[in-house]
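Q: would you be able to build a 3D model of this:
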Amino acid sequence: MLEQAPVSVGKSAVARSSNSGNILSVRTMRSISSEESVKRLSTGFTDLDDVLGGGILPGGVILMAGQPGIGKSTLLLQVSAYIARQEPVLYASGEESAGQVKLRAERLGAEKSEQLDFVSSTSADDIAATIRGGGYKLVIIDSIQTLALDEITSAPGTVSQITNSSNVIIRAAKQSGAAVVLVGHVTKEGSIAGPKVLEHLVDVVLQFEGDRYGGFKIVRAAKNRFGSTNEAAIFEMAKEGLKLVENPSAALLAERQNADGSVVLATIEGTRPLLVEIQALVNPTSFGYPKRTASGFDLNRLNLLIAVLERRTKLNLSDKDIYINVVGGLRLNDQAADLAICMAIASAAAGRRIDDGVVVFGEVGLGGEIRSVQSAERRVAEAKKLGFTQAIAPKSLAKDSFIKGVSDLRTALIDYLQK
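A: The predicted structure is shown next:
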């Protein structure tokens with residue numbers, strides 16, 4: 001009788017691993033302690049704590065990305081100085097020298113923190129070893145695009161370096177229980193530079209948005225394993241650093257002049273109601289093709305709303321240049337801005353204005369109908385708090401005398417644009 005030949009497993013890594021490995025030790029879900037019992041680190045900014053889900057979680061890895069010069073390093077140095085009052089913090093910079101960071105720390109009043117340490121290094125191996133040492137509760141790395149592993153020959157910032165350096169740093173953070181904040185660069189389109197896997201590896205992705213030359217700056221979570229992604233923190237830059245804006249609605253409307261083309265929108269930024277001024281300017285075009293420009297609003301959405309205005313009302317905008325500006329450097333992603341944008345354009349085109357004390361919100365459909373939006377109660381409450389007396393909103397939301405309901409765009413323009 002012939003003996004059966006042994007089965008060949010091949011030479012590939014997959015084939016060799018088919019008979020290797022150890023059985024893992026598992027636990028029931030009930031036996032695992034909740035991460036919520038772990039004490040979180042407060043950043044010193046209440047709104048930023050809300051964005052993070054209650055503060056910085058030990059062992060968590062956060063990626064903060066934003067345009068150059070918007071204030072990422074400034075904000076993180078302020079957070080580091082605040083946390084260093086109670087816990088040891090390491091600020092690792094691969095972009096700046098110790099002298100450069102010291103100048104910023106003196107401006108922010110952070111140079112006196114005894115537990116705030118600094119190191120200038122671009123070695124991911126060295127920084128990971130320092131994190132594994134367990135001497136720090138928070139580590140700031142500015143930035144992940146400057147780090148490199150010794151075993152990889154490619155330049156810092158390449159896909160392989162970013163991916164592998166991130167993995168090494170994240171493993172060190174999970175082993176030691178230290179929270180790590182990675183600063184990320186962005187491309188000219190505004191997306192985070194490097195491989196998309198970087199966003200998947202980390203626990204929280206924060207987007208730092210706004211105008212770096214002035215206006216408000218907003219931090220919101222694009223991803224958050226430890227909390228909601230519906231919160232937002234609104235900052236403004238001062239001489240002593242970034243500070244929270246306590247009443248952004250009042251600040252945005254402080255210098256408003258009620259002229260044609262000016263409409264106050266009741267919007268929602270995260271979960272916070274906010275009143276912001278929408279400005280429109282309509283001029284006869286000097287060339288054959290009319291120009292449409294939007295600052296703080298999606299240009300494709302603007303073109304759609306202009307088409308609805310022309311088709312569903314008697315306005316002729318085909319030979320007009322149209323400019324839209326959202327005051328304060330904010331960028332609107334709220335569909336409820338549609339009605340305010342349309343009324344601002346119509347107001348500027350007809351030379352008519354909206355009455356004082358009126359706020360506007362509502363989504364506009366392609367048929368010119370005004371559709372309901374979320375969080376109407378909070379929008380109305382914010383308007384009342386600042387002294388507004390009336391809201392132009394979808395008819396389905398008109399539950400009291402404060403809201404003047406409109407069912408379609410044509411009705412809104414006829415009834416509420418005054419001479």
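
Q: for the rest of this, base every contact and every neighbour count on C-alpha atoms.
A: Noted.

Q: tell me how far Ile414 lies from Ser347.
A: 11 Å (Cα to Cα, to the nearest Å).

Q: neighbour count winner among the two?
A: Ser347 (27 against 10; other Cα atoms under 10 Å).

Q: can you report phi and psi for the more buried one?
A: Note on Ser347: its backbone torsions stand at phi -60, psi -40 [degrees, to the nearest 10].

Q: ok, the closest residue in space to Arg40 that isn't next to it in sequence - contacts?
A: Once flanking residues are discounted, Arg40 sits nearest to Leu57: 4.8 Å by Cα to Cα, 6 or more residues apart in numbering. Contact analysis of Leu57 by Cα atoms under 8 Å, 6 or more residues apart in numbering lists Val38, Lys39, Arg40, Leu41, Ala179.

Q: what of Val364?
A: By Cα under 8 Å, 6+ apart, the neighbours of Val364 are Leu305, Asp338, Leu339, Ile370, Arg371, Leu409.

Q: what's near enough to touch the fifth one?
A: Residues near Arg371 by Cα under 8 Å, 6+ apart: Gly362, Glu363, Val364, Gly365, Pro394, Ser407.

Q: can you do 7 Å?
A: Gly362, Glu363, Val364, Gly365, Pro394 (Cα atoms under 7 Å, 6 or more residues apart in numbering).

Q: any idea how far Tyr416 is from it?
A: Using Cα to Cα, one gets 18 Å for the distance from Arg371 to Tyr416.

Q: quick revisit: can I have the buried ones of the contacts of Leu57 as a PyMOL selection?
A: Restricted to buried positions by 16 or more other Cα atoms under 10 Å, the PyMOL selection for the contacts of Leu57 reads:
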select buried, resi 40+41+179
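
Q: closest to Ile278 among the contacts of Leu57?
A: Using Cα to Cα, Leu41 is the member of those that sits closest to Ile278, with 38.0 Å.

Q: skip the chain neighbours and tell me the closest residue to that closest one.
A: Ile56 (4.9 Å).

Q: and for Gly54?
A: In space, Gly54 is closest to Arg40, 7.0 Å off (Cα to Cα, 6+ apart).

Q: for the one you found, give me its contacts.
A: Gly55, Ile56, Leu57, Pro58.

Q: mind checking which of those land in strands?
A: Residues from those lying in strands, with DSSP state E as the criterion: none.

Q: by neighbours, which of the contacts of Val364 wins?
A: Busiest of the contacts of Val364 [other Cα under 10 Å] is Leu339, holding 30 neighbours.

Q: please report phi then psi for that residue.
A: Recorded main-chain torsions at Leu339 are phi -60, psi -40, according to degrees, to the nearest 10.

Q: how far away is it from Leu265?
A: Separation of Leu339 from Leu265 (Cα to Cα) stands at 9 Å.

Q: shared neighbours of the two, anything?
A: Val360, Phe361.

Q: Thr267 is in what secondary structure piece?
A: strand 262-269 (DSSP states H and E).

Q: average model confidence for the lengthiest helix in the chain?
A: Ranked by residue count under DSSP state H, the longest helix found in the chain is helix 159-176. In this model, helix 159-176 has an average pLDDT of 94.

Q: what's the following helix or strand after that helix?
A: Immediately after helix 159-176, counting by DSSP H and E, sits strand 179-184.
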